[in-house]
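Undergrad: Whatever this is, show me its structure:
(chains A and B)
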Amino acid sequence: MKKTLIIFTAVFLFVSGFARAEDMRLEAALERNRAAVGNPLYLYVTFYGSQSVERPEMPSLDGLQIKYVGPSTKISVVNGRVSRFISHMYLVIPLKSGRFEIGPFFVESHGQIYKAPAVTLTADGAPAAAQARAPGALPAGNEPQGAPSYVSDRVFLVMDIGKRLVYINEIVPVTIKVYLMNVQGLRDIEYPVYPHEGFSAGELAEPEKRTELVHGVRYNVLVFRQDLFGIKEGDYILGPAKLRCNLITRKQSSRRSSIFDIDDFFSRRFGYRTYPIELESKDIPVSILPLPEDGRPRDFQGAVGDFAMDVNVNPPEVKVGDPVVLRMTISGEGNLDTVTAPCLLSAEKFKTYEPQVTKKGGKKIYEQVIIPKTDEVKEVPEVVFSFFDPESGQYKTIRKGPFPLDVVEQPESERGVKMVSMPGVDQMFYPGEKLGRDIIYIKENIGDLRRKGRFLYRNPLFWAGQFMPLVLFGVFCVKHRRKERILRDKSYARFLKAPRKARKGLARARAYLGRDDVLPFYDVIFKTLQEYLGGRFDLPRGNVTIQVIEDRLRPARVDESILGMLRDVFSRCEMARYASSVPGGHEAKEILEKARRIISYMEKIKL
Amino acid sequence: MRIGGILFGTAVVFAAVCCFAGENEPAAGYVSPERLFSRGNDHYEKAEYGKAIDEYEKIPALGYESASLYYNMAGAYFKAGRLGKAILNYARAKRIMPRDADITANDKFARAMVKGEVIPEKGIWTWRPVRIYSRSFTVDELTWLSSGLYVLIIVLLFIAVIRSDTNWYRLTGIVLLFVFILFNSAVIWHKAGSMRRDGITVVPRAEALFGPFDSATKFFTLNEGMRVTVIKAKDDWYKVRRADGKVGWVRKAEIEKI
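TA: Okay, here's the model as predicted:
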């Protein structure tokens, strides 16, 4: 504890010592020098060298309302040098337009009076002009539409072009910058649009974010870049560029008239508001010059830029009639769209084919097939490419080669078909034969004529057909499972067979009754019921008695009349089978009907 | 058995209704598509390409199409110097007969004449094996293939149910077939979608703008014969995507859908 106290005291004395040594001064600064009537801004009166300075008294000025907000203090140590200051902050609201001089300001520290010169504020009815803050900013009268009036000098659009004098087909970069300062942000930013008569525009690149210092003020900047090239000579006006976006500002209270509500610190609780705005830049006069006639090479085809050429010959050793691929790569800065194939000088001893072109990044690659006609050929002739360099204003020609080529006579046995394979060329070469290129002739028959737009996947019949195998498979699965169970589970098999057997038994009984053969009739009825009920309840036929069946049926809450019928049928059948007298005629028919009703009822209920 | 019979009967009745629905009697003065085709060929042989095109174009207007028709029509357009229309009709012919050597050769030749190379963005549909597979079959062929594989899966399931055993080879086969059907269905979906969305630039030079209005900033250029994907339509404008992924608005008259 004691050690800590000693260290703290030492640091305090060290800091105090340096503080006395540093320069003491008073400065006053406004947040900005222009403001619209009713729009508040801050005034900072800062004393360097001490933090125990009272706030200066503020004079009362007609047309301005000034309110003291509070002090803020800071100590900083840079390279062992301590500096500290106190900044008194005032809120200034212009109540009427005019030019106001605030100050000078006086404070006392350690018995001395310090003075800061007065600051000047211009208040007007219109929003402050952007030009007051940055060059090329929004012209007067072109303030962002729909935004609060005080943002026009904080958000503006600047368009710039790399050169004002350009040649036809020369690539010239255009930058369009959105400057932002002291606003919450922008969103829903659309790509800028601008008239560009006389120019052809390339693709707008993805915007880049950065910060820039303009006249001592740091701005957040969004940069759009686009390449243009002039297509028609003359004087043109580029722009003005327009950009639409939504401005986000801090939402403020409707009781704005009271200065106590404007404090930035307290306004945080009020959220944000967006305003759709359209920013507009200045326009730019540009002249497009024609390419000079003087010094134009004969092989010049219109390429404009600063290019390099690389040529490669493959293979270096061939037989007469064999193809050689000449690969010519053009790279560099400039308008690649204006670049055409380089020229092959003195190619009489070669059969040449049209070069095939591919574009990769900033390169254009030409591949040309040439075929030596004789073994007198010793080299691939010079390749020439000319272009106009807009920076120097002169034509330039690149020459490559000649390239050594070892050509030997082809043996008779090897003469025939040669194949060349490269992008776009896939062709047979016969020595001494000229090949033309055209489309293949038309077809004579109309072929398979069909209705337009008819496709299988749109045909409902097709989908119905697709559905059928699935249905068949489902039916098959159900049947297969049932068959398997019948084979495995005998009681289940008896259960399933019981109704069919019962129907057969009843038919047989009906036949006996028809022949008036009553004794076997009762026997069949009895056995049919025994067999049926045994199957339903999984009982051996001998165990099926009226008592056992009643015990099984009662929990199922079977209709009492059915139970009565069952008792009646069983007792009469037993009587008929074992007694000497057998009732016939009407009574037998009644028994048959009851047996049928019992079986029919049992089929309907779930046991 | 009874259910199968009912389903079969329903299918037969349904097929009959589908087959006979929509057949119309030819109107007076009707010229058959075959006759129009023959007339077009006659004009083509006399190098009267404009008249040949007029005759050929009447056939799609009647609601009919064939690969040979589009092929000949493309040839006539090519000879008439209308590269965009030629490529458009070769693309239509390839849609119906993708493996025809004449169509492929002429399509390749015509496309080689399109100015300005656009390097396509990479993606599953530009992967060479998938691209070759997709381009080698028609939508109907791919649909039949999926259908056949589906029936094969059902047959394997029948066998599995009858044998009541777990055969891992059979199970793997079913899973692989199912995965291939999914892949095939994705190809069908992509191909069918492409037919609705793909278009060809039919004017010598079309400017793609940032918005669907004349004063919008130009974004990029479409040369005659360039293929684009139509994303959406608004009034007289199509929103299109070029092969390299750039999106812009072009006038409807400058693009024709395949």
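Undergrad: Tell me the pLDDT of the nearest residue to A:Y48 once chain neighbours are set aside.
TA: Closest residue to A:Y48 apart from its sequence neighbours, by C-beta to C-beta, 6 or more residues apart in numbering or on different chains: A:F85 at 4.5 Å. (Glycine included, C-beta is placed from N, CA and C.) As predicted, A:F85 sits at a pLDDT of 82.
Undergrad: now A:Q368
TA: Looking at A:Q368, its pLDDT stands at 82.
Undergrad: go on, B:A86?
TA: According to the model, B:A86 carries a pLDDT of 94.
Undergrad: hey, where'd the helices end up in the chain?
TA: In the absence of a named chain, this looks at chain A. Ranges of helices in chain A, per DSSP state H, are A:2-21, A:460-488, A:490-514, A:518-537, A:546-553, A:560-578, A:586-604.
Undergrad: my bad, chain B
TA: Under the criterion DSSP H, chain B contains helices at B:2-20, B:33-45, B:49-61, B:67-79, B:83-96, B:101-111, B:128-136, B:139-163, B:168-197.
Undergrad: got the angle for the shortest one vs helix B:83-96?
TA: Spelled out, that is helix B:128-136. For helix B:128-136 against helix B:83-96, the angle by axes from the mean of the first three to the mean of the last three C-alpha atoms, to 10 degrees is 90 degrees.
Undergrad: Can you list the low-confidence ranges for chain B?
TA: Within chain B, the segments meeting pLDDT under 70 span B:1-29, B:117-122.
Undergrad: rewinding a little: give the full set of residues in contact with the residue nearest to A:Y48.
TA: Taking C-beta atoms under 8 Å, 6 or more residues apart in numbering or on different chains as the contact definition, A:F85 lies against A:46-51, A:73-74.
Undergrad: ok so, going back, please identify the most buried of the helices of chain A.
TA: helix A:518-537 (a mean of 21; mean count of other C-beta atoms under 10 Å in any protein chain shown).
Undergrad: Please could you give me each C-alpha atom of it, formatted as PDB?
TA: Only the C-alpha atoms of helix A:518-537 are listed here, as PDB (Å, rounded to 0.1, in the frame of the first residue of the first chain):
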ATOM      1  CA  VAL A 518     -84.200 -84.100 -41.200                       C
ATOM      2  CA  LEU A 519     -81.800 -86.100 -39.100                       C
ATOM      3  CA  PRO A 520     -78.600 -85.300 -41.100                       C
ATOM      4  CA  PHE A 521     -79.900 -81.700 -41.300                       C
ATOM      5  CA  TYR A 522     -79.700 -81.200 -37.600                       C
ATOM      6  CA  ASP A 523     -76.300 -82.900 -37.500                       C
ATOM      7  CA  VAL A 524     -74.900 -80.600 -40.200                       C
ATOM      8  CA  ILE A 525     -76.300 -77.500 -38.500                       C
ATOM      9  CA  PHE A 526     -74.800 -78.500 -35.200                       C
ATOM     10  CA  LYS A 527     -71.400 -79.300 -36.600                       C
ATOM     11  CA  THR A 528     -71.400 -76.200 -38.800                       C
ATOM     12  CA  LEU A 529     -72.000 -74.000 -35.700                       C
ATOM     13  CA  GLN A 530     -69.400 -75.900 -33.700                       C
ATOM     14  CA  GLU A 531     -66.800 -75.600 -36.500                       C
ATOM     15  CA  TYR A 532     -67.600 -71.900 -37.000                       C
ATOM     16  CA  LEU A 533     -67.500 -70.900 -33.400                       C
ATOM     17  CA  GLY A 534     -64.400 -73.000 -32.800                       C
ATOM     18  CA  GLY A 535     -62.700 -71.100 -35.600                       C
ATOM     19  CA  ARG A 536     -63.700 -67.700 -34.400                       C
ATOM     20  CA  PHE A 537     -62.600 -68.500 -30.800                       C
END
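Undergrad: Which elements pack onto that helix?
TA: Applying 3 or more C-beta pairs under 8 Å, 6 or more residues apart in numbering or on different chains; DSSP states H and E, one finds that helix A:518-537 contacts helix A:490-514, helix A:546-553, helix A:560-578, helix A:586-604.
Undergrad: Looking at those, spot the one closest to chain B.
TA: The minimum distance between chain B and these falls on helix A:490-514, with 17.6 Å, by C-beta to the nearest C-beta.
Undergrad: The residue nearest the centre of chain A and A:I189, how far apart?
TA: Note on chain A: the residue nearest the mean C-alpha position is A:E206, at 14.2 Å, using C-alpha atoms, centre = their mean. Distance, A:E206 to A:I189, using C-beta to C-beta, to the nearest Å: 12 Å.
Undergrad: Check A:V82 too.
TA: From A:V82 to A:I189 the distance is 45 Å (C-beta to C-beta).
Undergrad: Please apply the same query to A:R55.
TA: The spacing between A:R55 and A:I189, counted by C-beta to C-beta, is 42 Å.
Undergrad: One more: B:A216?
TA: As judged by C-beta to C-beta, B:A216 and A:I189 stand 16 Å apart.
Undergrad: Same question for B:L177.
TA: Distance, B:L177 to A:I189, by C-beta to C-beta: 51 Å.
Undergrad: mind checking the longest strand of chain B?
TA: With secondary structure taken from DSSP state E, chain B has its longest strand at strand B:227-234.
Undergrad: roughly how far out does that one sit from the chain middle?
TA: Computed by C-alpha atoms, centre = their mean, to the nearest Å, the chain-centroid distance of strand B:227-234 equals 16 Å.
Undergrad: Packing partners of it?
TA: helix B:168-197, strand B:198-201, strand B:237-242, strand B:247-251, strand B:255-257.
Undergrad: Among those, which comes closest to chain A?
TA: Across the helices and strands packed on strand B:227-234, closest to chain A is helix B:168-197 (C-beta to the nearest C-beta), at 6.6 Å.
Undergrad: Using neighbour counts, pick out the buried residues of that closest one.
TA: Across helix B:168-197, burial judged by 16 or more other C-beta atoms under 10 Å in any protein chain shown covers B:174, B:181, B:184, B:187-188, B:191-192, B:194-195, B:197.
Undergrad: Can you give the distance of stretch A:530-539 from its chain's centre?
TA: 72 Å.
Undergrad: burial count for A:Q394?
TA: 11 (other C-beta atoms under 10 Å in any protein chain shown).
Undergrad: And it, how far from A:E293?
TA: Applying C-beta to C-beta to A:Q394 and A:E293 gives a distance of 13 Å.
Undergrad: Also A:A341?
TA: Relative to A:E293, and taking C-beta to C-beta, A:A341 is found at 23 Å.
Undergrad: cool, A:G584 as well?
TA: 137 Å.
Undergrad: thinking again about what came up before, for A:L345, which of the helices and strands packed on helix A:518-537 is the nearest?
TA: Counting by C-beta to C-beta, A:L345 lies closest to helix A:490-514 out of those; the figure is 98.6 Å.
Undergrad: Can you give the contact residues for the closest one?
TA: A:485-487, A:518, A:520-521, A:524-525, A:527-529, A:531-532, A:534-536, A:538, A:588-589, A:592, A:595-596, A:599, A:603.
Undergrad: sorry, back to before: just the buried residues of the contacts of A:F85.
TA: A:46-51.
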